[in-house]
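J.: Dropping the sequence and predicted coords here.
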Amino acid sequence: MSLSSTSILERLGEHGRKTITQIIFVVYGVIVVFPMVWLLYTAFKPTSELFASAWSLPVEWKLDNFVEAWSEARIGDFFWNSLFVTISTLLVQLFVGSMASYSLAKYRFRAQGILYYGFLAGMMFPLFLGIVPLFFLVKSLGLLDSHLGLIVVYAAFGIPFTVFVLTAFFRTIPTEIMEAGVMDGCGHFSLYWRIMLPLAKPGLTTVGIFTFISIWNEYILALVLLSSSHLRTMPLGIAVLQFVQFYEVDFGALFAGLVIVMLPTLLCYVILQEQITKGMTVGAVKG
Amino acid sequence: MAEVILKNVRKVFDRDVVAVDDANIEIKDQEFVVLVGPSGCGKSTTLRMVAGLEEVTSGEIYIEGKLVNDIPPKDRDIAMVFQNYALYPHMTVYQNMAFGLKLRKYPKEEIDDRVREAADILGIQELLERKPKALSGGQRQRVAVGRAIVRKPKVFLFDEPLSNLDAKLRVQMRTEISKLHTRLEATMIYVTHDQTEAMTMGDRIVVMKDGRIQQNDTPLHLYNHPANQFVAGFIGSPSMNFIEGRLAVDGDGLRFDEGKISLPLPQQMKGPLAGHADQEITLGIRPEDIHDPDTMGRGVDTITIEAQVEVVEPMGNEVFLYLTTGKSTFVARVDPIHVPEVGQPVNLAVEIGKAHFFDKDTQESLLGSQ
């Protein structure tokens, strides 16, 4: 089998092999991108038109669905709730996580290894196992049904990943730069804040993007920890919208809501693409 | 008076790895002292202890008469230049140089004046707005030096600052650092593994090996009167030749006997060597003290030996001959007037009065280092 397939590949030659690879990538690209593109242009169609012709472009590009989703279905409120929770989590997680990573990477102290592997173990802990105890813990802290409670839990779940990525990142920064900072007059905090943190920007961006995506789309914890409708985040809001839509059959507004959810993540990724790649490949090659 | 004094300084890593053992050094105000030795000899650790980047296991370090063992680096009023420059990649050259002053809350105008003055001295005025990644190795090293001099510290520390530069640039920067020392009139401690840098730059050289100071002296005295075989071999390029043999009594004089080579020793050596008669010793002779008899000046007291040429290295202004005789191999540095062929037997004049003798066991100099 392998012999015959090898000979087929050989017969194709360099040009043929390239063409086949390109075809595979194009097909894969279409499979990934098309649903998003379809979702995007369908959000501009009235629901009646969607049912009449599901795949065609809108006859008239209208923002009615977006207006309806934003104001009437309260997607706007959910959007601001999500933005507040996501950015707050991001700040707490990056600040605490980067400080922990910096000290784990650049200082030597007792139980350093235990602490580091403790963080890593946190990454492997399945969320579903923790939901019930977490609910009671947050309740006993008096943080149930509040954004603060959600932010604390999100940050606690996100810090292990931050530590995992940033520790590796800080290890690649030469210790001499730190020592130069010490000679220049930096204390522990200014060394971290003025020198190490700016140097870890690609790592921070990578972690930031991944955190943003996961928090922005997070559903289970928000469902368990939030009950008031005015505190709901976007995924909860969309779920409610979807539930309501089952009866009203207004898929146009639902698609518009989904586009609003999707857009910030996509934009972030497109703008910071280079930084993310840099952050993910750090340590892979000598810098 | 920025004197630096190390008293019985010892550094032990991981409880049992002795990096520096009983180091005693007195560095005078405005002196340029070079710590030199092979990798792992403890020279960088010593410098880092002075900087405060390593804790002292035992002993005392004084800067300007003040015990600094427990004083953090930022309060020691010292600046350090690192081997890999250690510039902050996210800052411009200007910001790199101004950073230390900014942390010490100097007024903006003074920071600007000092940075521009340092940039003038080092010829990097046009680079001030560039980031380190846009600079060449030599330019980065200048910026690293600039970052140190803007602070006008009491003591400058250099940790192998030229090791990452190419040979030509290294020679150029060597001269510039020496000029800078004269201009700034500051105390400087310089670490290198390159004996040429040590010889050309230092007012005084401290040779280290295995964490211990082997000799602490001026370059020429160190060269002419090495305290032991290690110092003799480390200082000088090509290295001193060592030939093992026996010190034999010859009438009322002494003779060094290798087997094939037998060299009568001058009368003035009899005093210090007499106690080692009939013992195995090591003779050390520098390549430049072995001459081509035809081109040698008159009036030099020499002994002629015969050797076989193995390798010829013409350097332009001189020729290095790698020779064998009996069981010994050695190098001679001769004038390029008569360059012998490989394999050819040659006669060479050994300036025996300049020979050194070392105890075979302790490797200490038998002639003393005074």
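T.: Thanks, I have it. If you're wondering where the values come from, they're calculated on a predicted model, not measured in any experiment.

J.: what does the stretch 1-150 of chain B have sitting close to chain A?
T.: Counting by C-beta under 8 Å from any C-beta of the partner chain, the residues of the stretch 1-150 of chain B lying close to chain A are B:51-53, B:72-74, B:78-80, B:82-84, B:86-90, B:99-100, B:103-104, B:147. (C-beta placed from N, C-alpha, C; glycine too.)

J.: Okay, and which of those map to helices?
T.: B:Ala51, B:Phe99, B:Gly100, B:Leu103, B:Arg147 (DSSP state H).

J.: tell me which of the residues you listed is nearest to B:Arg15?
T.: Closest to B:Arg15 out of those is B:Ala51 (23.0 Å), distances taken as C-beta to C-beta.

J.: which SS class is A:Ile23?
T.: What DSSP: H, G, I helix; E, B strand; the rest coil gives for A:Ile23 is helix.

J.: count of residues packed around it?
T.: Residues contacting A:Ile23 under the criterion other C-beta atoms under 10 Å in any protein chain shown number 10.

J.: just to confirm, which helix or strand has B:Val207 in it?
T.: strand B:204-209 (DSSP states H and E).

J.: Can you spell out which helices and strands pack onto whichever helix or strand comes after that strand?
T.: The helix or strand immediately downstream of strand B:204-209 is strand B:212-217, counting by DSSP H and E. Using 3 or more C-beta pairs under 8 Å, 6 or more residues apart in numbering or on different chains; DSSP states H and E, the elements in contact with strand B:212-217 are strand B:17-27, strand B:204-209, helix B:229-234.

J.: ok, residues contacting stretch B:111-120?
T.: Here stretch B:111-120 makes contact (C-beta atoms under 8 Å, 6 or more residues apart in numbering or on different chains) with B:93-94, B:97-98, B:101-102, B:106, B:125, B:127-128, B:146, B:149-150, B:152.

J.: among these, which ones are buried?
T.: B:Val93, B:Tyr94, B:Met97, B:Ala98, B:Leu101, B:Tyr106, B:Leu127, B:Leu128, B:Gly146, B:Ile149, B:Val150 (16 or more other C-beta atoms under 10 Å in any protein chain shown).

J.: sorry, back to before: and the contacts of stretch B:111-120, which of them are in strands?
T.: Judged by DSSP state E, strands contain none of the contacts of stretch B:111-120.

J.: quick one: low-confidence parts of the stretch 1-150 of chain B?
T.: Scanning the stretch 1-150 of chain B with the threshold set as pLDDT under 70 gives B:1.

J.: now the strands for it?
T.: B:4-13, B:17-27, B:32-36, B:58-63, B:66-67, B:78-81 (DSSP state E, counting those that start in this stretch).

J.: Output those as JSON lines; include the columns mean neighbour count.
T.: Output for these, formatted as JSON lines (neighbours: other C-beta atoms under 10 Å in any protein chain shown):
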{"stretch": "strand B:4-13", "mean neighbour count": "18"}
{"stretch": "strand B:17-27", "mean neighbour count": "18"}
{"stretch": "strand B:32-36", "mean neighbour count": "25"}
{"stretch": "strand B:58-63", "mean neighbour count": "17"}
{"stretch": "strand B:66-67", "mean neighbour count": "11"}
{"stretch": "strand B:78-81", "mean neighbour count": "26"}
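
J.: Ok, which of these comes nearest B:Leu367?
T.: Nearest of those (C-beta to C-beta): strand B:32-36, 22.0 Å.
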